[in-house]
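Asks: Have a look at this fold, sequence not included:
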């Protein structure tokens, strides 16, 4: 019985992890993110508009990188957050005006498209 349940539990855990990552990427790489630069197939840099108050915003630099099975978000060259561990594969690639982040976790694949549009702010 445990031989059957264990793979199912691993799969469900991976589904929850990849869904949490998808929600995070959707909120992080939204319409307030811009000036995307693909540094390699393992790293993307961009800027994001962050509200400070009802009348002020700041532009912050951010990076998403992959190494040693861990996806990391870096804020302003100082705060580091590990988004997901034990990732099987992570690729960043361009196709026209879109950048795609492709993540493989077990049998689950997440592909997140991002626009390469840039704004002068």
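Replies: Alright, I've got the coordinates. Predicted model only: the values in this text are computed from it and were never measured.
Asks: Distance of residue 103 relative to residue 22?
Replies: Counting by CB to CB, to the nearest Å, the gap from residue 103 to residue 22 is 9 Å. In short, each C-beta sits where N, CA and C put it, glycine included.
Asks: mind listing what's buried in the helix or strand hosting residue 13?
Replies: Per DSSP states H and E, residue 13 falls inside helix 2-28. Residues of helix 2-28 classed as buried: 14, 17-18, 21, 25, 28 (neighbour count, 16 or more other CB atoms under 10 Å).
Asks: so how far is it off the chain centroid?
Replies: Distance of helix 2-28 from the chain centroid (CA atoms, centre = their mean, to the nearest Å) equals 15 Å.
Asks: now stretch 102-113
Replies: The answer for stretch 102-113 is 11 Å, by CA atoms, centre = their mean.
Asks: Could you list the buried residues of that stretch?
Replies: 103, 105-106, 110, 112.
Asks: Please tell me how far the nearest residue to residue 85 once chain neighbours are set aside sits from residue 83.
Replies: Leaving aside its sequence neighbours, residue 85 sits nearest to residue 70 (CB to CB, 6 or more residues apart in numbering; 5.0 Å). Going from residue 70 to residue 83 by CB to CB gives 8 Å.
Asks: more neighbours, the two?
Replies: residue 83 (18 against 14; other CB atoms under 10 Å).
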